[in-house]
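Visitor: Here is the input, now give the coordinates:
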Amino acid sequence: MLTSENPLSSYQKIATQTASPGQLVLMLYDGAIRFLERALSAFQSTDPLEFNQTINNNVIRAQEIINHLNDSLNLDQGGELAGTLRRLYRYMHRQLTQSNVRKSPEGIHETIAHLTTLRDAWSQMLRQTQPGLPAAQSHFAAALSRS
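Guide: Numbering: from 1, shown residues only. Take a look at the predicted model:
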């Protein structure tokens, strides 16, 4: 039976279905960074419509990911770390809103820097805690999981 589904789309679907919760968080960080890099590339456009649409669409997609990360936080189990992440996610969302409205790259650059730092820390934590789930990951995962 032939399928009309894009092979890359199929691969991504399988990757998300088989990924651990920690790997899914890493994928979310990667996705948000990728969308923001696309938004930044639009600042080179000379076509006003493409400029506005590309920035707007990609900033909104990154904000949706940040909202998902924020909504996934468990403040009861995650303690101070979850509260700090919540404040940072809200700050990044505001920065992106301002950048989108003003069509200014500063907030996008800042948000990419924050997301990259979080992504790198998360990736390092995953490497250190595989194959089991030691305390470091379970504490960090508790901050990002809802009951």
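Visitor: Identify the residues contacting the most centrally placed residue in the chain.
Guide: Among the residues of the chain, the one closest to the centroid is residue 29, at 3.1 Å (Cα atoms, centre = their mean). In this structure, residue 29 makes contact with 69, 115, 118, 119, 122, judged by Cβ atoms under 8 Å, 6 or more residues apart in numbering. All C-beta spots, glycine's among them, are computed from the backbone N, C-alpha and C.
Visitor: Quick check, the last one in contact with residue 24.
Guide: Put plainly, it is residue 122. No. Distance between residue 122 and residue 24: 10.7 Å, which falls outside the contact criterion (Cβ atoms under 8 Å).
Visitor: more crowded one of these two?
Guide: Per other Cβ atoms under 10 Å, whichever of residue 122 and residue 24 has more neighbours is residue 122, with 19 against 15.
Visitor: name the element that one belongs to?
Guide: With the criterion set as DSSP states H and E, the secondary-structure element containing residue 122 is helix 106-129.
Visitor: Give me the distance between residue 22 and residue 85.
Guide: Between residue 22 and residue 85 the distance, using Cβ to Cβ, to the nearest Å, works out to 15 Å.
Visitor: follow-up on the earlier one: flag whichever of the contacts of residue 29 scores worst on pLDDT.
Guide: Minimum pLDDT across the contacts of residue 29 is recorded for residue 122, with 93.
Visitor: list the contacts for that residue?
Guide: Contacts of residue 122 by Cβ under 8 Å, 6+ apart are 22, 25, 26, 29, 140.
Visitor: By neighbours, which of those wins?
Guide: residue 25 (24 neighbours).
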